[in-house]
Structure formats: C-alpha cells, structure tokens
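*Asks:* kindly return the folded structure for what I paste below:
(2 chains)
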Amino acid sequence: GDSVTQMEGPVTLSEEAFLTINCTYTATGYPSLFWYVQYPGEGLQLLLKATKADDKGSNKGFEATYRKETTSFHLEKGSVQVSDSAVYFCALRLNTGGFKTIFGAGTRLFVKA
Amino acid sequence: DAGVIQSPRHEVTEMGQEVTLRCKPISGHNSLFWYRQTMMRGLELLIYFNNNVPIDDSGMPEDRFSAKMPNASFSTLKIQPSEPRDSAVYFCASTPYSGGLPSTDTQYFGPGTRLTVL
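*Replies:* Residues are numbered from 1 along each chain as shown, chains lettered A, B, ... in the order given. As a prediction, the model looks like this:
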C-alpha cells in the first residue's frame, strides 16, 4: 500500500550544522509530497511542498527535491538554528479518490547552541 | 483568518465517561480530517470528510469512536465510553477540495486537544 518512511530520530546537531532528514515513499500514481513541521505544543504546519517530479520545494532555508526515480523527498538545510528544533513529518497526498494524506512517523530534531 | 479552531484544548476525564471534541475548520475549506497523535503510534488518520460527507473512516479504532460533520463549519469527534488507552492529542485539519482535480493543497492543522483518560 501507499506509505512514507523517514529516518528515525532523534537527530541532534550543533548550531550551523548541515541537516539531512531522509524520506522515501511508496505510492500508486503521482502523489504530491510535503514536509510539515511541529513545534512543541502546536499542530503541524506546512514547511514546503512539491507537486511533480524534479520540483524543488523551499522555505526558511529548507529544501527538498521530488525524486521520482528514487521515490525520495529528502529534507535539507545548510545551517540549522536552535529555533529549528521541532518534529519534522514527511507526507504524501494522493491525487485520486478522496485526496487522503499519508504521514511518516516524524523525525525529532534537536539543535544545540 | 482565525485558522482551524479546536475545543477544548485540554480534557481530563475518567474511564467510562463520554468525551466530545469539537472542530471549526477554516471558512471555505470543505475537507476536514481528524487525527490522533501518540508517542507509540505517531500521527494516525481517524476519519475524513469531503463536503460534510465521511469518505474514509477506516482509521477509527472501534465503535466507541464516532464523528459527525452536520455542516461545513463544525465537526465533532465523540468517544463513548472513553478508556485510558484513548489518551492522546487529537488534531483536526482542513483543506480546500478541488473536486476531481489533482490537489496540491496544504492541510491546515488546529492546535489540538490533549485528552487524558484516567
């Protein structure tokens, strides 16, 4: 079935380090792909998205490229800040039926000063 | 816009009691989703509605759970009777529905209701 697999956390980095959080997916058809971020005590909010192969989503210094050949959508940031500490969710949205969104398990990021 | 509104923000109840969680989606959004988040199971989709009609309720754990959407601006998730294992954060999210076209629309989440069943 359709699914999203992302790297287990927690990921602990020092400020200004490079971040990669891996995400791969399995889906029928051509889904849209998303990264959501959840700060402590809050709901999820969209970080970035890509709707077709080779699209690059970007926001707040974060980037992810929709790679259809490797069914991946890895999240990257060149220099993390303490304020980036949060849980990051990779998700896919099926573009058929009722447009259900499937979320990965989430990866917790800690950034140390 | 006020965003997705959920109430209450926190609920503490005793096992066996009925619990009702409420959600007001963003005006103009016609898809609504209920999720449950726990440390053990992560984020689980319970049910979702398009144009007030339940489309997929396969995630609803058991008959103790029920959800309704009587109109475009209000939905409830009810647990009766509640059990300690229902303790979790319950999120409501809404999104526009493109109706037959590939949708790239974002889900907008509410702040969640933290439920504790003693």
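
*Asks:* now do the contacts for the closest residue to chain B within chain A.
*Replies:* Across chain A, the shortest distance to chain B (C-beta to the nearest C-beta) belongs to residue A:43, at 3.3 Å. All C-beta spots, glycine's among them, are computed from the backbone N, C-alpha and C. Contact analysis of residue A:43 by C-beta atoms under 8 Å, 6 or more residues apart in numbering or on different chains lists B:4, B:91, B:93, B:109-112.

*Asks:* of those residues, which is the nearest to chain A?
*Replies:* Among the contacts of residue A:43, and counting by C-beta to the nearest C-beta, the member closest to chain A is residue B:109, at 3.3 Å.

*Asks:* now that closest one: closest residue in space, sequence neighbours ignored.
*Replies:* residue A:43 (3.3 Å; C-beta to C-beta, 6 or more residues apart in numbering or on different chains).

*Asks:* residues touching residue A:57, list them.
*Replies:* A:33, A:35, A:48-50, A:63-66.

*Asks:* list the beta-bridge partners for it.
*Replies:* residue A:64 (DSSP bridges).

*Asks:* in the chain, what residue spans correspond to strands?
*Replies:* Chain wasn't specified; assuming chain A. Applying DSSP state E to chain A gives strands spanning A:3-6, A:11-14, A:19-21, A:23-26, A:32-38, A:45-50, A:56-59, A:62-65, A:75-77, A:86-93, A:101-103, A:107-112.

*Asks:* let me rephrase: I mean chain B.
*Replies:* Going by DSSP E, chain B shows strands at B:5-7, B:10-13, B:19-24, B:31-38, B:42-50, B:53-56, B:65-71, B:74-79, B:88-95, B:108-109, B:113-117.

*Asks:* pretty sure residue A:29 is touching residue A:68, no?
*Replies:* No: with contact defined as C-beta atoms under 8 Å, residue A:29 does not reach residue A:68; the gap is 11.2 Å.

*Asks:* need the residues of chain A near chain B, please.
*Replies:* A:30, A:32, A:34, A:36, A:41-46, A:49, A:51, A:89, A:93, A:95, A:97-103, A:105-106 (C-beta under 8 Å from any C-beta of the partner chain).

*Asks:* write a ChimeraX command that selects only the buried members of these.
*Replies:* To isolate the buried members of these in ChimeraX, using 16 or more other C-beta atoms under 10 Å in any protein chain shown:
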select /A:32,34,36,43,44,46,49,51,89,93,95,99,100,101,102,103,105,106
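
*Asks:* so how far is residue A:74 from residue A:6?
*Replies:* Using C-beta to C-beta, to the nearest Å, residue A:6 is found at 9 Å from residue A:74.

*Asks:* ok, these two, which is more surrounded?
*Replies:* residue A:6 (23 against 18; other C-beta atoms under 10 Å in any protein chain shown).

*Asks:* what residues are up against that one?
*Replies:* So, once contact is read as C-beta under 8 Å, 6+ apart, residue A:6 ends up touching A:21-24, A:88-90, A:104-107.

*Asks:* out of those residues, which is most surrounded?
*Replies:* residue A:90 (29 neighbours).

*Asks:* note down every partner strand of the helix or strand bottoming out on mean pLDDT in chain A and its orientation.
*Replies:* Within chain A, no helix or strand scores below strand A:101-103, which has a mean of 87 by mean pLDDT, DSSP states H and E. According to DSSP bridges, strand A:101-103 forms sheet pairs with strand A:86-93 (antiparallel).

*Asks:* about what we covered before: may I see the contacts of residue A:6 organised as CSV, with pLDDT added?
*Replies:* Converted to CSV, the contacts of residue A:6 look like this (pLDDT from 0 to 100):
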residue, pLDDT
A:21, 97
A:22, 97
A:23, 97
A:24, 97
A:88, 97
A:89, 95
A:90, 96
A:104, 92
A:105, 91
A:106, 93
A:107, 95
